[in-house]
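Undergrad: From the sequence below, what's the structure:
(chains A and B)
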Amino acid sequence: MTLLEIENLSKTYPGAHGTTVKAVSEVSLSVEAGEVLGIVGESGCGKSTLGRALLRLIEPSGGDIRFEGKSIAGLSRRQLKPFRRDMQIIFQDPFGALNPRHKVGAIISEPLKVHKIGNTASRAARIAELLALVGLPEGSAERYPHEFSGGQRQRIAIARALALEPKLLVADEAVSALDVSIQSQIINLIAELQEKLALSIIFISHDLSVIRHVSDRIAVMYLGRIVEIGPSEDVMETPAHPYTQALLSAIPRPNVPRAERVVLKGELPDPANPPLGCAFHTRCPSAMPHCTTERPALVARKIAACAKPATTACHLYEVA
Amino acid sequence: MTDTIAAPLLSIDNLTISVGSSAIVEDVSLQIGAGEMLGLVGESGCGKSVTALSIMRLLPEPPMQYRSGTIRLGELDMLALSEKQLRAIRGEDVAMIFQEPMTSLNPVLSIGDQLREMILLHRKVSNQEASTRAAQLLDRVGIPSARTALDRYPHQLSGGQRQRVMIAMALACDPRLLIADEPTTALDVTVQAQILDLIDDLRRETGMAVLLITHDLGVVSQYCDRVAVMYGGRIVEQAAAAELFANPRHRYTEALLATIPASNPPGTRLPAISGTVPPPGNRPAGCSFHPRCHAVIEPCTTTLPRLEGIPHATRCWNPAS
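TA: Residues are numbered from 1 along each chain as shown, chains lettered A, B, ... in the order given. All right, here's what the predicted structure looks like:
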């Protein structure tokens, strides 16, 4: 069953000197119930804007968002409130996301109060349940965020996000600020909870090895658009888009030799003034003349390397 | 890939640095030879950045205190030098680049001004000559149209270009040692590869030694000749990079390599390391990793193991074989 569907979602911001910055351009994707969709890309590719816009934490400039078949793009704040219970988000910096003057119990139960769920006693029971769920010691409810380490604070943020039993969780760089040894604890926790609660998760990260580990499907973004999307294994094993290929080969991995890497020239172009045609052509090692004029559509394309077609926005391949 | 260095360029021996009564860095010994790239890896709070800053004596003293040990750069005894002598050495013999190039550059001075300042401070040359040298440096670090780039300001550059400018400044006086503290942590992976390739080319070309401080095991394995792993203020393992990644001996290194997603099949449970990194001043007795270690034996909880073994050194009572 499709839980979330977004269609042609865009978000523009006014830029300097009357220009328009297209943070997200005409992105369409869907998330199935119980599925983890990874969104990967470098800074400025629009992945965080997309995550916030699809929750309507920022207002999209265009396009539609359907949650369980119902359009939420045009809803008022009040109409949106019941949907908010089903859609939650966790952020990169768990310290910035927690009010330092509130006790952990108050932080975790705040969503319950906002949505007028339960009474004091039932909320206290729910707090205890949530703390146990995310692996925090009993008694944490009476302590303040500063008494916890970074990893534990991320657990608190996760407990709060799960308080309302959401169907969809957006995790925006949720493990990026954590140390290696703590990162794997939180990845394990998110994976466990996903399974236990049959959550749908949109996992946003710049780190392909993390994305690969957690995702069922992966969408790769470049300059506000999806350039490739598909089952995790396909995208990682037979990446079609030259940008995906470059991104994969740029990740330094222990015990993998540095040979045969595609090192991209240059950096991300200015999103206020994106290149014509395929936005990646300025850095693409395989760019052809018409890449500079014609934007390739994100459609299924036949890839020589494999039997299955890949959904990618690249002129290198024939449309399947 | 030397395992023991005949005449090391930088030699840190038994260095201990503390704040008040709590040691931040304990009994650290490191050697780097000319042209060598040594990776110093560890998680936050392990003491890697303090070790890096200590070399050029950039730590605030007080509160930081060099309790014991020596730092030698060639023939120089860094701990015996005056502030004036140190100033002559910083930038000249040793240069340093940091994670966030924006905060290291002066936002109100052009790139050219900042490069010329560096050159004029250390070299008796005319303004004209300094400008020529500055343009050469920018060209060397891969900034396009170097002459015109001199007139640009830091905010007009991207993160990757700013880090290139920092490297150009670091190279201005042909230092013998470059200390790079998480130089690519703030950059995207595609730009990270460019910057690390640049540093690697430069050290091969000039014979400059590089101390690369990072938390990223992948970066270390691909660029460094040797690796030192820090935990709880101490070096717990040191070996040639290929050797260390193929046969990690300290249980912390072993666990760290096993826990990263890249070492595991997708979707599987990661072999996590329980608990958290102990903060300085509250490090456990014995081996400071023992509360998180799955291979604890009798002496681990009480007695600190010594860093032993040549060329593959480890500080572990019960090392992986």
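Undergrad: alpha carbons only for contacts and neighbour counts from here, please
TA: Will do.
Undergrad: if I look at the residue of the stretch 1-150 of chain A found nearest chain B, how far off is B:Ala295?
TA: Chain B sits closest to A:Glu42 of the stretch 1-150 of chain A, with a gap of 5.8 Å, by CA to the nearest CA. Look at A:Glu42 and B:Ala295: by CA to CA, to the nearest Å, they are 39 Å apart.
Undergrad: Same check on A:Gln92?
TA: 33 Å.
Undergrad: tell me, what residue is most central in the chain?
TA: In the absence of a named chain, chain A is used. For chain A, the residue sitting closest to the mean C-alpha position, by CA atoms, centre = their mean, is A:Ile204 at 2.5 Å.
Undergrad: Sorry, I should have been clearer: chain B.
TA: Nearest to chain B centroid, counting by CA atoms, centre = their mean: B:Ile213, 2.8 Å.
Undergrad: And the helix or strand harbouring it, what does it pack against?
TA: Element membership of B:Ile213, judged by DSSP states H and E, is strand B:209-214. Contacts defined by 3 or more CA pairs under 8 Å, 6 or more residues apart in numbering or on different chains; DSSP states H and E place strand B:209-214 against strand B:22-32, strand B:37-41, helix B:48-55, strand B:177-181.
Undergrad: Flag every buried residue along the longest one.
TA: I take that to be strand B:22-32. B:23-32 (16 or more other CA atoms under 10 Å in any protein chain shown).
Undergrad: Looking at these, which is nearest A:Leu197?
TA: The nearest member of the buried residues of strand B:22-32 to A:Leu197, counting by CA to CA, is B:Ile24 at 42.8 Å.
Undergrad: How about the contacts made by that closest one?
TA: B:16-18, B:47, B:50, B:233, B:280-281 (CA atoms under 8 Å, 6 or more residues apart in numbering or on different chains).
Undergrad: can you rerun that using 7 Å?
TA: B:17-18, B:47, B:233, B:280 (CA atoms under 7 Å, 6 or more residues apart in numbering or on different chains).
Undergrad: Closest one to A:Lys22 out of those residues, please.
TA: B:Gly47 (42.3 Å).
Undergrad: can you tell if the longest helix seen in chain A touches chain B?
TA: Secondary structure of chain A per DSSP state H: the longest helix is helix A:180-197. Yes: Helix A:180-197 comes into contact with chain B (CA under 7 Å from any CA of the partner chain), by way of A:180-181, A:184-185, A:188.
Undergrad: need the residues you listed in a markdown table with pLDDT, can you?
TA: Below are the residues of helix A:180-197 next to chain B laid out as a markdown table (pLDDT from 0 to 100):
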| residue | pLDDT |
| --- | --- |
| A:Val180 | 88 |
| A:Ser181 | 87 |
| A:Ser184 | 93 |
| A:Gln185 | 91 |
| A:Asn188 | 94 |
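Undergrad: thinking again about what came up before, and the residue nearest to the centre of chain A, that one's in a helix?
TA: No: applying DSSP: H, G, I helix; E, B strand; the rest coil, one finds A:Ile204 to be strand, outside a helix.
Undergrad: Dump the helices and strands packed on strand B:209-214 to CSV, plus distance to A:Glu7 and mean pLDDT.
TA: Listed next are these as CSV, based on distance: least, CA to CA, whole Å; pLDDT from 0 to 100:
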stretch, distance to A:Glu7, mean pLDDT
strand B:22-32, 53, 93
strand B:37-41, 44, 96
helix B:48-55, 47, 93
strand B:177-181, 43, 94
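Undergrad: Out of those, which gets nearest to A:Cys278?
TA: The nearest among the helices and strands packed on strand B:209-214, by CA to CA, is strand B:177-181 at 36.0 Å.
Undergrad: Listing partners with orientation, what would you give for that closest one?
TA: strand B:94-97 (parallel), strand B:209-214 (parallel) (DSSP bridges).
Undergrad: Just want the angle from it to strand B:22-32.
TA: If you take axes from the mean of the first three to the mean of the last three CA atoms, to 10 degrees, strand B:177-181 sits at 140 degrees to strand B:22-32.
Undergrad: Enumerate the residues of the stretch 101-250 of chain A near chain B.
TA: A:179-181, A:184-185, A:188, A:209-210, A:212-214, A:247, A:250.
Undergrad: ok, A:Cys290 - contacts?
TA: For residue A:290 the amino acid is His, not Cys. A:His290 neighbours (CA under 7 Å, 6+ apart): none.
Undergrad: just the strands in chain B please.
TA: For chain B, strands defined by DSSP state E occupy the ranges B:10-19, B:22-32, B:37-41, B:64-73, B:76-77, B:94-97, B:177-181, B:209-214, B:226-231, B:234-240, B:313-314.
Undergrad: Could you check which of A:Glu42 and B:Ala295 has the larger neighbour count?
TA: A:Glu42 (21 against 12; other CA atoms under 10 Å in any protein chain shown).
Undergrad: ok, the more buried one to A:Gln245 distance?
TA: A:Glu42 is 14 Å from A:Gln245, by CA to CA.
Undergrad: do B:Ser18 as well
TA: Taking CA to CA, one finds B:Ser18 at 47 Å from A:Gln245.
Undergrad: if we can go back for a sec, tilt between the strand holding B:Ile213 and strand B:226-231?
TA: Using the same axes, to 10 degrees: strand B:209-214 against strand B:226-231 is 40 degrees.
Undergrad: now the angle from strand B:209-214 to strand B:10-19?
TA: 40 degrees.
Undergrad: which intervals of chain A have sub-threshold pLDDT?
TA: Applying pLDDT under 70 to chain A picks out residues A:255, A:257-260.
Undergrad: per-domain residue ranges of it.
TA: Following automatic domain parsing, chain A resolves into domains at A:2-86+A:167-272, A:95-165.
Undergrad: what would those look like in CSV with distance to B:Gly112?
TA: What follows is the domains of chain A, written out as CSV (distance: least, CA to CA, whole Å):
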stretch, distance to B:Gly112
domain A:2-86+A:167-272, 21
domain A:95-165, 37
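Undergrad: Out of those domains, flag the one nearest B:Met56.
TA: Of the domains of chain A, nearest to B:Met56 by CA to CA is domain A:2-86+A:167-272, at 26.7 Å.
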